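1. Could you look at this predicted model? Sequence included:
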Amino acid sequence: MAMASPPLLVMYNPVCGNGTAEAFFNEHVFPLLEEANVQVTQTMATAAAGHAGTIVFEFLERYEGNVTVILGSGDGTLHEIINALSLVALKGVRENVLSSSVRVALVPCGTANALYCSLFKPTSMTDLESPAYKLKSLEAFIRGSNVVPLTLAVTTLSSPPSSKQYLSKVVVSAVVTSTALHASILHDSESLRKEVPDIERFKVAARNNITQWYSSHVKLLPTSSARAVEIYDPDKKTFVTHEESDDHGIVDVYGPFAYFLSTVNVDRLEPAFRITPLVSDFVSSEVSLDLVMVRPHRDPTFVMDTIEARNAFAEKSNAVLTAAYQDGNHINLRYTEDGKITSEGTGPTVIEYIRCRGWEWIPDDVDEKAHLLCSDGAIFSIVNGGRAACRAASPADGAGFLVYV
C-alpha cells in the first residue's frame, strides 16, 4: 500500500548547473521515490525563467494542507519560488488561509548550491558528485525527518522620497544579498555562463572587477535583543558591541567599499568558499544577517583613492577571497603597520565581520556600479538618489519555507 503523503510536487530545472538535472532525476530520484512507495501528485520541468514560481504558486492554490516540493535546482530557482510566493496573495483553496508553509527536499543541481552545501557540509570535493550526497535532503523527506525553517532577507529598493513618483521594489533572498564586488561578479558572470558553465566563471568575473571600489553610505541596524550592531573580535573570538553605535544602536559606515555582502542560512556561497563562516561556527540566537565588509581605507598605507591605490589594493582583496576558501580564514586577517596582510599580530582587521538585523545601502549617484544589488544571483539596480534597505525576517508560525535535513 502506498505511503500516505501530503500533496507532493516534483520539479526540476533542466538547464541549471551543467544541465544534468533531468538525467539525475530519472536515474536516482524517481527510482528512490518508487522504492519508498511515495505518491507524487505532479511532476514538472521548468521551461523558462520565472516558471518555477508559477508552478508552485498554482500548485498551492490547487491543493490544501502542507505541501512538499522536491526541487532539483540551484539557489536561483529556489529564489524564484520564494519571491513568487512571498509577494502575492494566494487564491483558490487558500484564499482565506492566513499563512501557508512549503516544505522543500533539495536536490542540488545548480552551479554553486550554496544552501545545500551549508545544510549538508561536504566532507570532500568528491562528495559533491556522489548521488548519495545529493540525495540527503530527499532521504530526510522519505524518513519523515526534521525540517529547518529558512530565515529570509527582505530588501526594499526605493527611489528618493522627493521624487514625483515614489517607487519601491521588494526582493527576498534565502542565501545572499550583496552590492560592490560580489554584485559586479554576478552581474558579469551571467554573460560567461555558456562559455564557462561551472563556478570558474565567477573567478573570471572576479578578476575583471577586482580593482573596482564602490562609493556608498551604509547604515547598520541593530538586532532586537542585543539592541546593538555586533562586530566579530578575532582576539576575543566572539562578537562584541560595535563601538560606533549611536544611542539607537545604529552604526553609520562610509566607503569606499571593495566588498559588501550579507547572508542568511548559509556559511558559504560555493562548496569551499566559506565567506560567512560564523553562521555555522557561532550560531545566532535570533534573526540576523551576517555581513562581510572590506573598506580600503582601513589599510594603514591608504592615502587617497587613485588608480595606483586600487591596483595595489586588488592584491589584498584577492588575499581575502583566497582565505575564504581556506575554511573561512579571512576573518582572522590583519594589516601590519606597512600594509601587508597577516594572520597574526594586533593590527586592524582587513574585513569587518558584522552581525545585525539589517542594513541600508545608499550609493553615490556618480558611481554607476555601486547601484548594482544581487539577491541570490538575481541582479537589480538602485535608482539615483535611492537606496536598498535589507532586513532579516523569520516567517510567522505555520508559514514560510522549511527544508528537510
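-> Received it, and whenever you're ready, just let me know what you need.

2. Residue ranges in this structure under the pLDDT threshold?
-> The model of the chain has pLDDT under 70 over residues 1-5, 88-99, 164, 397-398.

3. Look at residue 177 and give its secondary structure.
-> Secondary structure, DSSP: H, G, I helix; E, B strand; the rest coil: residue 177 is strand.

4. Let me see the contact set for it.
-> Counting by C-beta atoms under 8 Å, 6 or more residues apart in numbering, residue 177 touches 153, 155, 261, 262, 263, 289, 373, 374, 375, 376, 390. (Glycine included, C-beta is placed from N, CA and C.)

5. what are the bridge partners for it, then?
-> Counting by DSSP bridges, residue 177 forms beta bridges with residue 262, residue 375.

6. Distance from the chain centre to stretch 223-232, please.
-> How far stretch 223-232 lies from its chain's middle: 21 Å, per C-alpha atoms, centre = their mean, to the nearest Å.

7. I misspoke; the intended subject was stretch 205-223.
-> Distance of stretch 205-223 from its chain centroid, counting by C-alpha atoms, centre = their mean, is 15 Å.

8. How about stretch 29-49?
-> Mean-position distance between stretch 29-49 and its chain equals 27 Å (C-alpha atoms, centre = their mean).

9. Kindly report the same for stretch 113-129.
-> 16 Å.

10. show me the biggest helix of this structure in terms of residues.
-> helix 307-324 (DSSP state H).

11. quick one: buried residues of that helix?
-> 309, 310, 312, 313, 314, 316, 317, 320, 321, 323, 324 (16 or more other C-beta atoms under 10 Å).

12. any chance of these in CSV, with distance to residue 142 too?
-> Listed next are those as CSV, based on distance: C-beta to C-beta, whole Å:
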residue, distance to residue 142
309, 56
310, 52
312, 54
313, 50
314, 48
316, 48
317, 44
320, 41
321, 38
323, 39
324, 35
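
13. Can you tell me which of those lies closest to residue 84?
-> residue 324 (31.4 Å; C-beta to C-beta).

14. List the buried residues of stretch 157-173.
-> 157, 158, 159, 169, 171, 172, 173.

15. now the helices: where do they sit in the stretch 201-350 of the chain?
-> Using DSSP state H, counting those that start in this stretch, the helices of the stretch 201-350 of the chain run over 278-281, 307-324.

16. what's the distance between the first one and the middle of its chain?
-> Here helix 278-281 is found 14 Å from its chain centre; the criterion is C-alpha atoms, centre = their mean.

17. other SSEs contacting it?
-> Using 3 or more C-beta pairs under 8 Å, 6 or more residues apart in numbering; DSSP states H and E as the contact test, no helix or strand touches helix 278-281.

18. Buried residues, that helix. List them.
-> 278, 279, 280.

19. so where do the strands sit in the stretch 51-200 of the chain?
-> 67-73, 101-108, 147-149, 152-158, 168-173, 176-179 (DSSP state E, counting those that start in this stretch).

20. My guess is residue 42 contacts residue 9. True?
-> Yes: using C-beta atoms under 8 Å, residue 42 is in contact with residue 9, at 5.2 Å.

21. which neighbours do those two share?
-> Common neighbours of residue 42 and residue 9 (criterion: C-beta under 8 Å, 6+ apart): residue 59.

22. These two: which has the busier surroundings?
-> Each of residue 42 and residue 9 has its neighbours counted (other C-beta atoms under 10 Å); residue 9 has more, 23 against 15.

23. quick one: contacts for the more buried one?
-> 40, 41, 42, 43, 44, 55, 56, 59, 67, 68, 69, 70.
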